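Visitor: Take this sequence and fold it.
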Amino acid sequence: MVDVSSGKNGIGWHNSESHNQFATSNMFADLFFENTIDLVAEKFVFVTIEGTLITVRACGTRSRQHFGSVKDDFRMKRRVFNSAMTASALALSSVAGCARAEASAIRISHGYGILYLPLMVIRDQQLVEMHAQKLGLGDVKTIWLTLDGGNVINDAMLAGSLDVAGTGAPGFVILWAKARGIPRSEVIGLGALSTASLWLNTNNPNVKSLKDFTAKDKIAVPGIKTSLSAVVLEMAAAKTFGIENYAKLDPLTVGMSHPDAVAALLSDKTEITADFTSPPFSYQEAKDPKITRVLNSSDLLGNITLDVVFAPRHFTESNPKLTAAFMAAQEEANAYIAANRKGAAETFLRVSKDKMSLPDVERILADNDTQFSTTPDGLMDYVTFLDKAGIIKTRPAKWSDMFVPAFQTRKGS
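Guide: Numbers count the residues shown, from 1 in each chain. Have a look, this model is predicted:
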């Protein structure tokens, strides 16, 4: 497991090293074809010279001696040519073999909070490395990043800085629809990640419902428009004000990470008067007596999948075993969480470095709304809303169209 840093094992080094390997492969290929063209041209000269030698046999002794010397010289060069062709073919075969090999490193991101617990377990127990070994991939490095907000994650994925990411389900749907049909940008789901309740908490005593927010209020969300919280807030607005007014509260939203939003809301000294957030941050805020809850997403949407895991389609096609290793690691992480609540809570505190008490984290994991499964539930609810709101132009016929083939037989929704 490798954390992000500026050193040799950091993400910057990884990108540079990958680029250099690719450039080296191209260099060998270019040299091979360039030399092959030159050598083929020279071979043509050999044949031409030999043909000429046949026509000059009637010449005098001196001429025959001169051309005999030339002929011997070109025959020697032809032997060199044949050896060079063999060596070049072997070199190209080696380069092609390297190009076909699966990646030796994988870059994975997770955000803050309980929703990303399976990824934290994978990180803590080095499960990708273990399953990669089982599949014969040898030593695989995992490079972990912490990214929050659908727009930030989507930009990183499109820029080629990520191989696998945990993100809000709506952000994934938006990117899937946007990148559909673009070979280097297309994304594919690797599975659902988690389900929990999002709470819209406020420190404004005058706000009892969505209708009570005014231009003086500011609502913190991890990312404007594309984050899980931002889209669920739009879905809530559509139910309250009508689908044509789904964006009514968007001008009030402010992009802010979950930890920063908690601090801002509880300080009561910033413009932030509300925070639409997930566990454990929602629980931390609720402990403060001046905080009240305006909305619970489970009351609005039911207990549907909130986060998913996805990857660039070309990565999964180029690295089928590494993709399978990650998916097996997630299944093992989910089984661990289900069987060992205390251990899972300890993992969360260790990886996230959150200051909550162990019993508080265990209490969150015991909540019926908090679930971890790789099979999506209710994903098409997001698709329906995003389609009606005109946010996406491409709509999947069924939820499994957005996921790897292994999910075609799953009974998700």
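
Visitor: Now the host helix or strand of Q284: average pLDDT?
Guide: The secondary structure element spanning Q284 is helix 281-286 (assigned by DSSP states H and E). For helix 281-286, mean pLDDT is 95.

Visitor: Following the chain onward from it, which element is next?
Guide: Sequence order places strand 292-296 as the next helix or strand after helix 281-286, per DSSP H and E.

Visitor: Please identify the buried residues of stretch 328-347?
Guide: For stretch 328-347, the buried set under the neighbour-count rule, 16 or more other Cβ atoms under 10 Å, comprises 328-330, 332-334, 336-337, 344-345, 347. Quick note: C-beta positions are derived from backbone N, CA and C, even for glycine.

Visitor: Please read the previous query as pertaining to stretch 277-292.
Guide: Using 16+ other Cβ under 10 Å as the burial criterion, the residues of stretch 277-292 that qualify are 277-285, 291-292.

Visitor: Do me a favour and get the end-to-end distance for it?
Guide: Between the opening and closing residues of stretch 277-292 there is a gap of 13 Å (Cα to Cα, to the nearest Å).

Visitor: Show me what that stretch is in contact with.
Guide: Residues outside stretch 277-292 that contact it (Cβ atoms under 8 Å, 6 or more residues apart in numbering): 112-115, 196-199, 201-203, 205, 207-208, 220, 228-229, 258-259, 261-262, 265-266, 268, 275, 293, 306, 354, 356, 360-361, 363-364, 367, 370.

Visitor: do the same with stretch 375-393
Guide: By Cβ under 8 Å, 6+ apart, the surrounding residues in contact with stretch 375-393 are 169-170, 173-174, 177-178, 189, 191-192, 195, 231, 234-235, 238, 243, 246-247, 301-305, 308, 395-396, 398-399, 402-403, 407, 410-413.

Visitor: Take those and keep only those in strands.
Guide: When the contacts of stretch 375-393 are checked against strands using DSSP state E, the ones located there are 189, 191-192, 308.

Visitor: Pick the one among the buried residues of stretch 328-347 closest to P251.
Guide: Set against P251, the nearest of these by Cβ to Cβ is Q330 (37.5 Å).

Visitor: Wait, that closest one touches A192, no?
Guide: No: counting by Cβ atoms under 8 Å, Q330 stays clear of A192, with 9.5 Å between them.

Visitor: so what's in contact with those two at the same time?
Guide: Counting by Cβ under 8 Å, 6+ apart, the shared contacts of Q330 and A192 are 309, 374.

Visitor: Look up how far E331 lies from the nearest residue to L175 once chain neighbours are set aside.
Guide: Beyond its immediate neighbours in the sequence, the residue positioned closest to L175 (Cβ to Cβ, 6 or more residues apart in numbering) is N154, lying 4.7 Å away. N154 sits 25 Å away from E331, taking Cβ to Cβ, to the nearest Å as the criterion.

Visitor: what sits against K248?
Guide: By Cβ under 8 Å, 6+ apart, the contact set of K248 is 237, 241.
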